[in-house]
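**Student:** Just a sequence and a predicted model for now, questions to come.
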Amino acid sequence: MITTGDPAVQYRIEGGAFVSRTENGGATWFGGDVSWNADLVAGAAPGPYVCWVVGRGGDIYLTTDGSEWRKIPPPAELDFVGVSATNARTAVVLAADGRRFRTKNGGHSWHEMK
């Protein structure tokens, strides 16, 4: 479960490529494939409409309206296993090899964190 700070709104990754969203605390869910070939494993939602999801093969996706996803160019072709975000512009992704990368401009550029 990916929580948003609003108990009514949550996201969840299903089957690797599908992300669903609830606006009523889980009574009903709606969503769709983020990408037909995505292998998503983690997400972070700093607000009800903003959610970052990451996965294997360099997958990073972002929604800013809760439903339309856009692919974010990754900092490197790595498997990503974690993400934390403060808003639609600022996020940190964690690679399977332990490296962390931060963006402050919505994924237009990334900087490795030491």
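**Tutor:** Received the coordinates, thanks. Numbers count the residues shown, from 1 in each chain.

**Student:** Run a quick neighbour tally on Arg12.
**Tutor:** 15 (other CB atoms under 10 Å). (C-beta placed from N, C-alpha, C; glycine too.)

**Student:** That one contacts Ile2, doesn't it?
**Tutor:** Yes - under the criterion of CB atoms under 8 Å, Arg12 makes contact with Ile2 at 6.4 Å.

**Student:** Identify the residues contacting Gly58.
**Tutor:** Contacts for Gly58 (CB atoms under 8 Å, 6 or more residues apart in numbering) come out as Pro74, Ala76, Glu77, Leu78, Asp79, Phe80.

**Student:** Now with 10 Å, please.
**Tutor:** Residues near Gly58 by CB atoms under 10 Å, 6 or more residues apart in numbering: Lys71, Ile72, Pro73, Pro74, Pro75, Ala76, Glu77, Leu78, Asp79, Phe80, Val93, Ala95.

**Student:** The residue nearest to Thr86 when sequence neighbours are not counted - how many residues pack around it?
**Tutor:** In space, and not counting its chain neighbours, Thr86 is closest to Pro46: 5.5 Å by CB to CB, 6 or more residues apart in numbering. Look at Pro46: counted by other CB under 10 Å, it has 17 neighbours.

**Student:** Weed out the non-buried ones from the contacts of Gly58.
**Tutor:** Taking 16 or more other CB atoms under 10 Å as the criterion, what is buried in the contacts of Gly58 is Ile72, Pro74, Pro75, Leu78, Phe80, Val93, Ala95.

**Student:** ok, so of the residues you listed, who is nearest Val50?
**Tutor:** Using CB to CB, Ile72 comes nearest to Val50 of those, at 12.6 Å.

**Student:** The closest one - nearest residue in space that isn't next to it in sequence?
**Tutor:** Closest residue to Ile72 apart from its sequence neighbours, by CB to CB, 6+ apart: Gly107 at 3.5 Å.
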